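Chemist: Sequence first, then the predicted structure:
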Amino acid sequence: MAKEIKHTICFRCKPRCRLELEVEDNQIIKVSTSSIKKCPRKWASDLERFYHPDRLNYPLKRVGEKGENKWQQITWDEALGEIAAKLQVLKDKYGAETLGVTAGTSRTYEELNSRFLNLFGSPNQCGQAQICHGNSAVVATTLYGWWPYWMHIEKLLNTRCIMLIGRNPPHSHQTIWEGIEKAKKNGAKLIVIDPRRSESAESADLWLQLRPGTDCALLLGMINVIIEQNLYDKEFVSKWCHGFDELAQRAKEYPLDKVAEITWVPADQIQAAARMFATQTPSCAMEGMGVAHQPNSYGAIAARHIISAIVGNVDVQGGEELLGPAPFITEHEIELPDALPAEQREKILGKQFKLYSWPGYDLVQSSVERVWGKRCDMFGYTCMAPAPSLYKAIAYSDPYPVRALITLSSNPMVTIPNTKLVHKALKSLDLYVVVDYFMTPSAQLADYVLPAAMWQERDFLWNFHNTTPVIVAGEAAVAPTIPGKHDRRTDFDFWRGLGVRLGQAEYWPWETLEEYYDYRLAPMDLTFKKLLEMGTLAPEKWEYKKYEKMGFGTPTGKIELYSTVMEKLGYDPLPYYQEPPESAIRTPDLAAKYPLILITGGRFHPFFHSEHRQIETLRKRYPWATMQLHPDTAKELGLADGDWAWIETQHGRVMQKVQLFEGIDARVVHGQHGWWYPEMPGEEPWLHGVWVSNINVCISSEEDECDEALGSWPLRTFQCKVYKVKTYGEGHPVAG
Ligand SMILES: Nc1nc2c(c(=O)[nH]1)N[C@H]1C(S)=C(S)[C@@H](COP(=O)(O)OP(=O)(O)OC[C@H]3O[C@@H](n4cnc5c(=O)[nH]c(N)nc54)[C@H](O)[C@@H]3O)O[C@H]1N2
Ligand SMILES: Nc1nc2c(c(=O)[nH]1)N[C@H]1C(S)=C(S)[C@@H](COP(=O)(O)OP(=O)(O)OC[C@H]3O[C@@H](n4cnc5c(=O)[nH]c(N)nc54)[C@H](O)[C@@H]3O)O[C@H]1N2
Ligand code: SF4
Ligand SMILES: [Mo]
């Protein structure tokens, strides 16, 4: 057979590039050279992952005890039939809300998770979205009536100042970093707010090394400077912003000396950053996980959007660009949010977090729809049950029994905090189904493990969650099923197969992804095939200042510095600073015992969360988990570079190797996240080494520590201590 070039969408990391693969005889030979040149990661080693001997090839059914790693191979038809039958029995016994779905960080057809679940009647979708840009999407939409599209690289070329708040794109989003580097060459300034001298901070004009978890106070301090020094855009504010006087009043509570004390950032630096951001306009801010993973994420994210609004950055080229929806059938329409009956909406776990659940949804979306004609996707906004609420419900039937769980494109034993609770919960389920590429610590606890088609094996239509008219199409390069070798299926096939078996057939009329995408593109008079030929579809010209014609998609039609939605929901309508639940100020006794502040999860090459640990080429470069520690702290603790050391919090302890790093504050430790060791035994108690270095063993998941409006859970501000691992084998695999 002749060689062919297939145009796929790469899901190896975040940018979702269109990538050409060379294929011969249903085998991927290589990633074409022109694509590799474009890929800043040069991650051609993905073929090593694609053809890895540990990939899941057929559905597996548990035959031993849970966690014994004993499996029987079955067919897809058997697997889906048995799962559907068991789901029906559990639904009849406990109600539809007894089923939860846990999804990962937006790698697949997540709109179909919601569609299936809404039709099934359960509100309990639990996604990483709630702590992964989803909380930003919700806050932005609440205040601006739309979510600015931050993946719009071209905008960076028109910006004069970029402020990265808890975000480090050289490791987490390389195409954005390329854009920032170009912007810098054009003369743009770069401000970085980060407790570590990250790669972004290295190239910054201003680096603010703050105390973890204090961004909200820092940003309110900057807002105060901008207002007091008359640096805000008076015309825009008076015409297009609601609640400026109330904001000014609140900001007054954050004078520079007080903010400097809270944040550890010298007052002159705070002032310099505020002045730079307000005068070098259009400027834009990008917040990342340093902010999203804070206990008070609403406050920090709201303050970040407010600061951009008052300096007149919204819906201008090079600022916070509000691009609007795509004119096709959006992911959110596919989710069928209205199919979930009102009495089932009421049962959503974590319903006390009202902004990221139905009361907030109705208030926010009705205004968005009025102005934009469509609702905003906001990352599976329809049903978000926060992880701490979900795992508590499973483990303790509190507030009601959740007996079945489907995990698709996620690895909760590694990526969700309080691994002990997740472990207890997953083991106690009546039905646990995992759909993945590889066996993982989570999959080891399942009743059924189903092999998913990888990105090279599936058609995909990508649009950044309905926040932009840009649409990208990618095709399957090779077939997911090769008789005699493997029988993998796409996640579309999984949801459709289950839906059809559970009485949802009329809602799943498309037999293939191509049919599904043809349906979604029909309003644009396009087919999936046509779009594949075109590659990427983007408007020829971007429109700005659209609000002059249509207003903002909020209840007041203005940017809500003072949020009427938050007010109606019973929360403080303005951002305010709260001490983290664990800190020297809030819990001094705890801090005396655990004197260091633990931050976790700063992204690093070459891994993506808990993925790629099987790939030998990468593990040779990066064999073990690593923590960053200041040399002075290490010296005091008798630790040297490369030593194994325990990181211990009141919640648990794990070991990682010490890396000395002068760029971190001596009072802060940075622990990597995502670590498990596939080469260790899969059965209990090892579960592929999930207890050895996985930082989420050290993190709590209490509902009352989550953000009160969003329900997003903190992952980065815990008191800890660090000490040497004394002897080889000191740590039992089930570390405590
Ligand atoms: N302590 C701490 N915890 C964190 C973070 C942190 O910074 N600190 N970061 C958090 C954030 S922002 C996120 S987004 C989460 C990430 O959390 P997860 O999304 O749970 O990430 P992974 O661990 O990579 O799990 C993805 C799993 O799905 C599989 N997979 C990948 N793509 C697909 C697909 O298309 N279909 C199917 N069926 N399977 C697929 C992979 O093999 C892998 O096993 O972690 C969160 N957890
Ligand atoms: N290589 C790789 N790339 C990835 C991923 C991956 O796992 N690996 N994951 C993807 C996903 S799902 C996500 S969400 C993105 C996340 O990408 P980013 O948003 O860039 O997130 P991180 O690198 O986790 O954290 C950014 C910075 O926050 C800092 N930080 C920690 N605590 C605080 C704090 O309290 N305040 C402030 N201001 N900063 C703080 C850290 O030191 C770190 O440098 O990356 C994506 N890209
Ligand atoms: S940058 Fe990431 S998404 Fe783009 S081609 Fe490279 S590995 Fe794939
Ligand atoms: Mo994420």
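Modeler: Arrived safely, thanks for sending. Ligands and ions are numbered 1, 2, ... in the order given.

Chemist: Stretch 201-209: end-to-end distance?
Modeler: With C-alpha to C-alpha, to the nearest Å as the measure, stretch 201-209 spans 9 Å from end to end.

Chemist: for the residue of the stretch 151-300 of the chain found nearest ligand 4, phi and psi?
Modeler: In the stretch 151-300 of the chain, the residue that lies nearest ligand 4 is Met289 (6.3 Å; C-beta to the ion). From N, CA and C alone the C-beta is placed, and that goes for glycine too. Note on Met289: its backbone torsions stand at phi -70, psi -20 [degrees, to the nearest 10].

Chemist: Could you double-check that it sits in contact with Leu164?
Modeler: No. Using C-beta atoms under 8 Å, Met289 makes no contact with Leu164, being 11.6 Å away.

Chemist: These two: which is more packed in?
Modeler: Neighbours per residue (other C-beta atoms under 10 Å) separate Met289 from Leu164, with Leu164 holding more: 25 against 22.

Chemist: shouldn't that one be in contact with Ile193?
Modeler: Yes. If you go by C-beta under 8 Å, Leu164 and Ile193 touch, sitting 7.0 Å apart.

Chemist: Residues of the stretch 101-250 of the chain that sit close to ligand 1?
Modeler: For the stretch 101-250 of the chain, the contact set with ligand 1 under C-beta under 6 Å from any ligand atom comprises Gly104, Thr105, Arg107, Thr108, Gln128, Ile131, Cys132.

Chemist: among those, who's most crowded?
Modeler: The most crowded member of these is Ile131, carrying 27 neighbours; neighbours defined as other C-beta under 10 Å.

Chemist: Relative to ligand 1, how far out is the residue lying closest to that residue once chain neighbours are set aside?
Modeler: Spatial nearest neighbour of Ile131, excluding adjacent residues (C-beta to C-beta, 6 or more residues apart in numbering): Ser712 at 4.7 Å. For Ser712, the distance to ligand 1 (C-beta to the nearest ligand atom, to the nearest Å) stands at 10 Å.

Chemist: same question for stretch 331-351, mean pLDDT?
Modeler: Here stretch 331-351 scores 94 as its mean pLDDT.

Chemist: Go ahead and measure how far stretch 303-313 is from the middle of the chain.
Modeler: Centre-to-centre, stretch 303-313 and its host chain are 23 Å apart (C-alpha atoms, centre = their mean, to the nearest Å).

Chemist: model confidence over it, on average?
Modeler: Mean pLDDT, stretch 303-313: 98.

Chemist: ok, which pair from the residues of the stretch 101-250 of the chain next to ligand 1 is furthest apart?
Modeler: Pairwise distances across these peak at 18.3 Å for Thr108 and Ile131 (criterion: C-beta to C-beta).

Chemist: any weak-confidence spans in the protein?
Modeler: 1, 33-45, 378-383, 728-736 (pLDDT under 70).

Chemist: if you set the cut-off to 80 instead, what comes out?
Modeler: For the chain, the stretches with pLDDT under 80 are 1, 32-45, 150-155, 377-383, 465, 727-736.

Chemist: Ligand 4 contacts on that one?
Modeler: Listed as neighbours of ligand 4 in the chain under the rule C-beta under 5 Å from the ion: Thr105, Cys132.

Chemist: Dihedrals phi and psi, the residue in the chain that ligand 4 sits nearest to?
Modeler: Proximity to ligand 4, evaluated over the chain using C-beta to the ion, is greatest for Cys132 at 3.0 Å. Dihedral pair for Cys132: phi -130, psi 80, per degrees, to the nearest 10.

Chemist: Please name the residues that touch it.
Modeler: If a contact means C-beta atoms under 8 Å, 6 or more residues apart in numbering, then Cys132 has Thr105, Ser106, Met289, Ala292, Phe379 as its contacts.

Chemist: Can you give me the distance of it to Phe718?
Modeler: The gap separating Cys132 from Phe718 is 19 Å, by C-beta to C-beta, to the nearest Å.

Chemist: just Tyr391 next, same as before
Modeler: From Tyr391 across to Phe718, the span is 18 Å (C-beta to C-beta).

Chemist: Neighbour count: the two, which is higher?
Modeler: More neighbours surround Phe718 than the other of Tyr391 and Phe718, with 31 against 28 (other C-beta under 10 Å).

Chemist: what residues does stretch 536-549 touch?
Modeler: Here stretch 536-549 has contacts from 18, 240, 314-317, 321-324, 469-473, 526, 531, using C-beta under 8 Å, 6+ apart.

Chemist: Could I get the buried residue list for it?
Modeler: Neighbour counts over stretch 536-549 (16 or more other C-beta atoms under 10 Å) mark Leu537, Tyr544, Lys546, Tyr547 as buried.

Chemist: close enough to count as contact, Gly602 and His171?
Modeler: Yes. Between Gly602 and His171 there is a contact under C-beta under 8 Å: 7.4 Å.

Chemist: residues in contact with Phe328?
Modeler: Counting by C-beta under 8 Å, 6+ apart, Phe328 touches Asn463, Ile471, Arg520, Leu521, Ala522, Pro523, Met524, Leu526.

Chemist: Checking it next. Helix, strand or coil?
Modeler: coil (DSSP: H, G, I helix; E, B strand; the rest coil).

Chemist: Next, it: phi, psi?
Modeler: Phi and psi for Phe328, reported as degrees, to the nearest 10, are phi -110, psi -170.

Chemist: How about Leu208?
Modeler: Leu208 adopts backbone torsions of phi -100, psi 110, taken as degrees, to the nearest 10.

Chemist: hmm, back to that, any shared contact partners between Gly602 and His171?
Modeler: Ser198.

Chemist: Leu431: neighbour count?
Modeler: 19.

Chemist: quick revisit: which one of the buried residues of stretch 536-549 sits closest to Lys657?
Modeler: Leu537 (46.4 Å).

Chemist: beta partners for that closest one?
Modeler: For Leu537, the beta-bridge assignment (DSSP bridges) gives partners Ile471.

Chemist: Distance-wise, check it relative to Asn158.
Modeler: Going from Leu537 to Asn158 by C-beta to C-beta gives 22 Å.

Chemist: Next: Gly601.
Modeler: From Gly601 across to Asn158, the span is 32 Å (C-beta to C-beta).

Chemist: quick one: which of these two has more around it?
Modeler: In this view Gly601 and Asn158 are compared by other C-beta under 10 Å, and Gly601 has more residues nearby, 20 against 16.

Chemist: What's the first helix or strand after the helix or strand encompassing Asp518?
Modeler: Taking DSSP states H and E as the criterion, Asp518 maps to helix 513-521. Beyond helix 513-521 in the direction of the C-terminus, DSSP H and E gives the next helix or strand as helix 528-534.

Chemist: Run through the strands of the stretch 151-300 of the chain in chain order.
Modeler: Ranges of strands within the stretch 151-300 of the chain are 161-165, 189-193, 206-208, 241-242, 283-287, based on DSSP state E, counting those that start in this stretch.

Chemist: Reformat those as a markdown table; add distance to ligand 3.
Modeler: Formatted as a markdown table, those follow (distance: least, C-beta to the nearest ligand atom, whole Å):
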| stretch | distance to ligand 3 |
| --- | --- |
| strand 161-165 | 19 |
| strand 189-193 | 21 |
| strand 206-208 | 26 |
| strand 241-242 | 37 |
| strand 283-287 | 17 |
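
Chemist: okay, those in TSV with distance to Gln229 next?
Modeler: As requested, those are arranged in TSV below (distance: least, C-beta to C-beta, whole Å):
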stretch	distance to Gln229
strand 161-165	16
strand 189-193	17
strand 206-208	17
strand 241-242	18
strand 283-287	16
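
Chemist: how about those, which one is nearest Ala309?
Modeler: With C-beta to C-beta as the measure, strand 241-242 is the member of those nearest Ala309 (5.9 Å).

Chemist: Cheers, nothing more for now.
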